[in-house]
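Chemist: Generate a structure from the sequence data that follows.
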Amino acid sequence: MLWFCFNLEQNIGYNTVRLQSCYPRFLFWGVCYNSKSQRKREVLKLSTRKNRIIIVSVLIAIAIGIGVLIGSLAGYLSLRSAPKTVSESMSSTLPSDWNLSQVSSEEKESSTIAISSVPPVSSNPASSNKPPVSSSASSSKGTSSHPLTDLSKLYPDLYVQPKEIIEHQKGDKVAYLTFDDGPSVLTPKVLDILKQNDIKATFFVVGRSDPQSKNIMKDIVDQGHTIAMHTYTHDYEKIYASPTAFLDDMSKVSDLIEEATGVKPELLRFAGGSVNSYNKAIARQLANDLTRRGYTYYDWNVSAGDAERGATKQSIYQDTINQTVQFEKAVILFHDSGKKHDTVEELPKIIQELKSKGYRFDKLDSSVKPIQFKLPAQ
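Modeler: Model (predicted):
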């Protein structure tokens, strides 16, 4: 019994010593635990504060964006409701179909032409999405804006009497062959081909005043074709520098044609088409003034693509045929410069193929409702 009590007392004393020795460690880990918990709470508070700042910043950014959007919309609406410019007021006096790029829907003509004409259906897939081009207008630098100019007192001799427009009759398949940039050494060959096929065409000529060119111009008229103005210089930067510069160039080519042929031209085709990257700033003013003076300008809805880089005999033939069959009334753009041998060689085949598809051929005059590109808004 004494031995048991002695051992119990020893064991109790030993365990007490162990507990006493462990107490500082429990205290240390407790303090560490409390410290970690407090830091976590502080981190959580800081994170919550940052999240609140981010949310508020996002809401402010959204509010600013909505404000800018509303301001832009209000500005757009105010511009739409603003009074018309002088140029737009002038256009209100034109016929209601002035801005139509093609003839009426009765003629099966598909989409409106904007800036350039309908993309050609090309035999070359790589070029199938390219709009047809006239000469080198596609590689332009653009035109700076010009103030509206009062052109009514300039060039008092630049006036003609237009004919009454004759609407195209549904079902009448007609092709108008037009040739730009002549006369050239190839023009007599073109005239021979037209004579052999007993058809008439339209020649938009430039300012070549040498005796041979004048004789060719006279041959065009004497053989019953239409001679019309293209430009005198065919220098885009020069003729589209201002409305006055354009009229000056036009007056020169008109005088040249009248001197060579005895006929005052009534038709015109803009270099590069009525709307291009050189003349966009003045296109509407020029169009309005030409109409006021009685002139008619013609664009095209079919391009042979003979002015495009890489054009071949096959592509010229296919582009012309594939595009023409889309329209009952087709105004076809060819070029008549001295290098267009492929065009001249393919012309007989093109004529025969279109005849086989039921097309007749005719020349343009001011009674033919023009195909015109859509004018830019001003």
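
Chemist: Identify the residues contacting D181.
Modeler: 135, 204-206, 230, 234, 335-337 (C-beta atoms under 8 Å, 6 or more residues apart in numbering). (Each C-beta comes from the backbone N, C-alpha and C, glycine too.)

Chemist: A helix includes it, no?
Modeler: No - assignment of D181 by DSSP: H, G, I helix; E, B strand; the rest coil gives strand, placing it outside any helix.

Chemist: ok, for it, nearest residue in space, not its chain neighbours?
Modeler: S337 (4.6 Å; C-beta to C-beta, 6 or more residues apart in numbering).

Chemist: ok, that neighbour - contacts?
Modeler: Applying C-beta under 8 Å, 6+ apart to S337 gives the contacts 181-182, 184, 186.

Chemist: Most neighbours among the residues you listed, please name it.
Modeler: Per-residue neighbour counts (other C-beta atoms under 10 Å) across these peak at G182, which has 26 neighbours.

Chemist: circling back: output the contacts of S337 in CSV, with pLDDT and distance to T320 appended to each entry.
Modeler: Shown next, in CSV, are the contacts of S337 (pLDDT from 0 to 100; distance: C-beta to C-beta, whole Å):
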residue, pLDDT, distance to T320
D181, 97, 17
G182, 97, 18
S184, 97, 19
L186, 98, 17
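
Chemist: Which of these sits closest to E353?
Modeler: Nearest to E353, judged by C-beta to C-beta, of those is L186 at 20.9 Å.

Chemist: ok, now how distant is the nearest residue to the closest one once chain neighbours are set aside from S213?
Modeler: Leaving aside its sequence neighbours, L186 sits nearest to V344 (C-beta to C-beta, 6+ apart; 5.3 Å). Going from V344 to S213 by C-beta to C-beta, to the nearest Å gives 17 Å.

Chemist: circling back to that earlier point, in CSV: the contacts of S337, plus distance to I282.
Modeler: As requested, the contacts of S337 are exported to CSV (distance: C-beta to C-beta, whole Å):
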residue, distance to I282
D181, 22
G182, 26
S184, 29
L186, 33
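
Chemist: quick revisit: just the ones in strands from the contacts of D181, please.
Modeler: Residues of the contacts of D181 located in strands (DSSP state E): 204-205, 335.

Chemist: can I assume I257 is in contact with I227?
Modeler: Yes - the criterion here is C-beta atoms under 8 Å, and I257 meets it with I227 at 5.9 Å.

Chemist: who touches both of these two?
Modeler: 205, 217, 263, 265.

Chemist: and the first one, how many neighbours?
Modeler: Residue neighbour count, defined by other C-beta under 10 Å, stands at 30 for V205.

Chemist: residues touching it, list them.
Modeler: Counting by C-beta under 8 Å, 6+ apart, V205 has contacts 181-183, 217, 220, 227-230, 253, 257.

Chemist: Just the ones of these in helices?
Modeler: When the contacts of V205 are checked against helices (DSSP state H), the matches are 217, 220, 253, 257.

Chemist: Pick out whichever of these sits closest to K313.
Modeler: When the ones in helices among the contacts of V205 are compared against K313 (criterion: C-beta to C-beta), the nearest one is I220, at 24.8 Å.

Chemist: Does the closest one touch L191 like I think?
Modeler: Yes - if you go by C-beta under 8 Å, I220 and L191 touch, sitting 7.0 Å apart.

Chemist: Show me which of those two is the more surrounded one.
Modeler: The residue with more neighbours, out of I220 and L191, is I220; 28 against 19, by other C-beta under 10 Å.

Chemist: buried ones in the helix or strand harbouring D249?
Modeler: Secondary-structure assignment from DSSP states H and E places D249 in helix 243-261. In terms of neighbour count (16 or more other C-beta atoms under 10 Å), helix 243-261 has its buried residues at 243, 245-257, 260-261.

Chemist: Who are the packing partners of it?
Modeler: Helices and strands touching helix 243-261, as assessed by 3 or more C-beta pairs under 8 Å, 6 or more residues apart in numbering; DSSP states H and E, comprise helix 211-222, strand 226-229, helix 236-239, helix 283-292.

Chemist: what's the following helix or strand after that helix?
Modeler: strand 267-268.

Chemist: I'd like the mean pLDDT over that following strand, please.
Modeler: In this model, strand 267-268 carries a mean pLDDT of 98.

Chemist: who does that strand touch, helix- and strand-wise?
Modeler: strand 202-205, strand 226-229, strand 296-297.

Chemist: Show me where this structure has its helices.
Modeler: Per DSSP H, the chain carries helices over the ranges 2-80, 86-91, 187-196, 211-222, 236-239, 243-261, 283-292, 313-324, 341-356.
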